[in-house]
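> my questions are about this predicted structure, shown below with the sequence.
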Amino acid sequence: MAEHARELRTTDPAEALTDLNPLRDLLADAVIVGVGEPTRAAHEVVTQGHRVLRLLVEDLGFRVLAIQDDETAVERVNAYIRGGEEDARAALSDLWTPWRTEELLAVIEWARAFNRRHPSDPLRMVGLDPPSARVSDYRAVIEHVAGVRPDRLHDLRYHYDTIVTAHEVPEHVQHARGSHPGRPFADHARDAYDLVAALPDPGAALEKARLILDWHAGGFAGGGFDYGVTRRRSIATLTSLLRDGATKIAYWEGISFTANAARVIPAALLEPFQSVGNELRERLGGGYFSLLIAFARGDVSGLHPGQRAPDPMSGSADAMLAAAGPDRYLLDLRAPRPEPVNDWLRGPHKLRVIGGIYDAEADPEHYLTTGRLDEWFDAVLQVGAVTPTTLL
């Protein structure tokens, strides 16, 4: 594959995009591009994603950036990039922790500047997940109980002070790191809900307590996460945006969402599932383009304290891609190729995903199983060795 790899000059989003010109040609017919990341903990992966977003928006007329997060939290960010008065860091504060980084801050500052230059044709940001509990919801419930039944405040705080920590370090990650206090957070949330429900006229406080309970019960650790529901809702939103004339969409997410995968076999936590990208390919054909931003090795300690991803597992797709060209390159997986390469692409393959429970000492356990690599992805952007993202 090395003869087909096109060297890339940089991952710096402030630099010119001329080295991505070959990618621009590949994207000519796409109306949704899945910008797929194997990790959000790598600075160079995110900044190369930022460069791809610039290419899509500045050169190819894409005007929606969709991410898999709470639609109301993302609307705060959208308001900021559309010229809102809120501080940029505050606008990001309700997003999922891996998005709350200096790297994404640079993205939204660029987006705001772009919209200032193009007020009649702005970029918008859309969240694909339903509204969920926020830290402010816990505070609101606590304040209500303090006002009407201060004698129950200690019990409520016992539950909420324990489980609010999941908004910084998810419950399943606490289990993996050995820091979980023991009792399931959904049980704490249910007891808190019952406490509020027993109050006279709990009103909005009960609604927030229900949101908190649903958030904990519906997470990985709570056993209620349903990828099929997430996929169907995401597809409905994305296809509605296309119908409503929202031009073209950059779908920036993890590869288990964006890959054209009829069956994702995850490394942990979930049963096999169909990806969002696969349903988009079924609906849009070549109008959906699946891009992998790959990396070779490096420091991911910003989100995963003390962790450094080693060289890829021997025989994995990551190992082959790391050796397939220069440190940084673009590889068109749809280009004609010799039969030995075609045989290799058929797979199945192992592809590393660095999620919340990543442990470098058990690196081989963090690979999902793919089908044909050139079906999952239409092109690869390899960024080589990586450094950590920086949390805000």
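Structure received.
> how about the helices in the stretch 1-150 of the chain?
21-26, 43-54, 71-81, 88-91, 102-117, 135-148 (DSSP state H, counting those that start in this stretch).
> and the strands in the chain, which stretches?
Assigned by DSSP state E, the strands in the chain fall at 6-7, 32-37, 62-70, 124-129, 248-254, 288-294, 297-299, 308-309, 329-332, 349-352, 367-370, 379-382, 385-386.
> reformat the helices of the stretch 1-150 of the chain as CSV; add mean pLDDT.
Listed next are the helices of the stretch 1-150 of the chain as CSV, based on pLDDT from 0 to 100:
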stretch, mean pLDDT
helix 21-26, 96
helix 43-54, 98
helix 71-81, 97
helix 88-91, 97
helix 102-117, 98
helix 135-148, 97
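> ok, which of those helices comes nearest residue 354?
helix 43-54 (9.6 Å; CB to CB). Glycine gets a C-beta too; all of them are placed from N, C-alpha and C.
> so which elements touch the closest one?
strand 32-37, helix 102-117, strand 248-254, strand 288-294, strand 385-386 (3 or more CB pairs under 8 Å, 6 or more residues apart in numbering; DSSP states H and E).
> of all those, which lies closest to residue 47?
Comparing the helices and strands packed on helix 43-54 under CB to CB, the one sitting nearest is helix 102-117, at 6.1 Å.
> so what touches the closest one?
Contacts with helix 102-117, where a contact means CB atoms under 8 Å, 6 or more residues apart in numbering, come from 13, 43, 46-47, 50, 53-54, 57-58, 65, 77, 80-83, 88-89, 91-92, 95, 122-123, 125, 389-392.
> what about this structure, any weak spots by pLDDT?
1-2, 245-246, 267-270 (pLDDT under 70).
> could you dump the strands of the chain into JSON lines and include mean neighbour count?
As requested, those are exported to JSON lines (neighbours: other CB atoms under 10 Å):
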{"stretch": "strand 6-7", "mean neighbour count": "15"}
{"stretch": "strand 32-37", "mean neighbour count": "26"}
{"stretch": "strand 62-70", "mean neighbour count": "22"}
{"stretch": "strand 124-129", "mean neighbour count": "21"}
{"stretch": "strand 248-254", "mean neighbour count": "24"}
{"stretch": "strand 288-294", "mean neighbour count": "27"}
{"stretch": "strand 297-299", "mean neighbour count": "19"}
{"stretch": "strand 308-309", "mean neighbour count": "20"}
{"stretch": "strand 329-332", "mean neighbour count": "21"}
{"stretch": "strand 349-352", "mean neighbour count": "24"}
{"stretch": "strand 367-370", "mean neighbour count": "20"}
{"stretch": "strand 379-382", "mean neighbour count": "24"}
{"stretch": "strand 385-386", "mean neighbour count": "20"}
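> with distance to residue 104 added, can I get those strands in a markdown table?
Below are the strands of the chain laid out as a markdown table (distance: least, CB to CB, whole Å):
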| stretch | distance to residue 104 |
| --- | --- |
| strand 6-7 | 27 |
| strand 32-37 | 12 |
| strand 62-70 | 9 |
| strand 124-129 | 11 |
| strand 248-254 | 10 |
| strand 288-294 | 15 |
| strand 297-299 | 18 |
| strand 308-309 | 21 |
| strand 329-332 | 23 |
| strand 349-352 | 22 |
| strand 367-370 | 24 |
| strand 379-382 | 18 |
| strand 385-386 | 16 |
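> which one of those lies closest to residue 153?
Nearest to residue 153, of those and by CB to CB, is strand 62-70 at 27.6 Å.
> what sits against residue 5?
324-326, 329-331, 382.
> one more time with 7 Å
Residues near residue 5 by CB atoms under 7 Å, 6 or more residues apart in numbering: 324-326, 329, 331.
> among those residues, which pair sits farthest apart?
Longest span within these, CB to CB: 326 and 331, 10.9 Å.
> can you pull the contacts of the residue most central in space within the chain?
Centre of the chain computed as the mean C-alpha position; nearest residue by CA atoms, centre = their mean is residue 253, 3.9 Å away. Contacts of residue 253 were listed using CB under 7 Å, 6+ apart, and they are 36, 67-68.
> now with 6 Å, please.
Neighbouring residues of residue 253 by CB atoms under 6 Å, 6 or more residues apart in numbering: residue 68.
> from now on call the first residue 53
Yes, from this point I'll number from 53; that puts the last item at residue 305.
> what sits opposite it in the beta ladder?
Using DSSP bridges, the bridge partners assigned to residue 305 are residue 88.
> and it, how close does it get to residue 245?
31 Å (CB to CB, to the nearest Å).
> what's the closest non-adjacent residue to residue 240?
residue 211 (4.2 Å; CB to CB, 6 or more residues apart in numbering).
> try residue 138
residue 132 (5.7 Å).
> count of neighbours near residue 124?
14 (other CB atoms under 10 Å).
> surely it meets residue 184?
No - between residue 124 and residue 184 no contact is recorded; they are 8.5 Å apart, counting by CB atoms under 6 Å.
> count the neighbours of residue 370 for me.
23.
> so what's the residue nearest to it when sequence neighbours are not counted up against?
Among residues not flanking residue 370 along the chain, residue 364 sits closest, at 3.4 Å (CB to CB, 6+ apart). Residues near residue 364 by CB under 6 Å, 6+ apart: 370-371, 374.
> between the residues you listed, which is closest to residue 396?
residue 371 (11.7 Å).
> wait, the residue nearest to residue 240 sits on residue 242?
No - under the criterion of CB under 6 Å, residue 211 makes no contact with residue 242, lying 9.0 Å away.
> who's more crowded, those two?
residue 211 (22 against 17).
> one step back: now the helices and strands packed on helix 95-106 as a markdown table including distance to residue 274?
Shown next, in a markdown table, are those (distance: least, CB to CB, whole Å):
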| stretch | distance to residue 274 |
| --- | --- |
| strand 84-89 | 25 |
| helix 154-169 | 27 |
| strand 300-306 | 20 |
| strand 340-346 | 30 |
| strand 437-438 | 32 |
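> state the number of residues packed around residue 76.
15.
> so the residue nearest to the centre of the chain versus residue 290, what's the distance?
In terms of CB to CB, residue 305 sits 11 Å off from residue 290.
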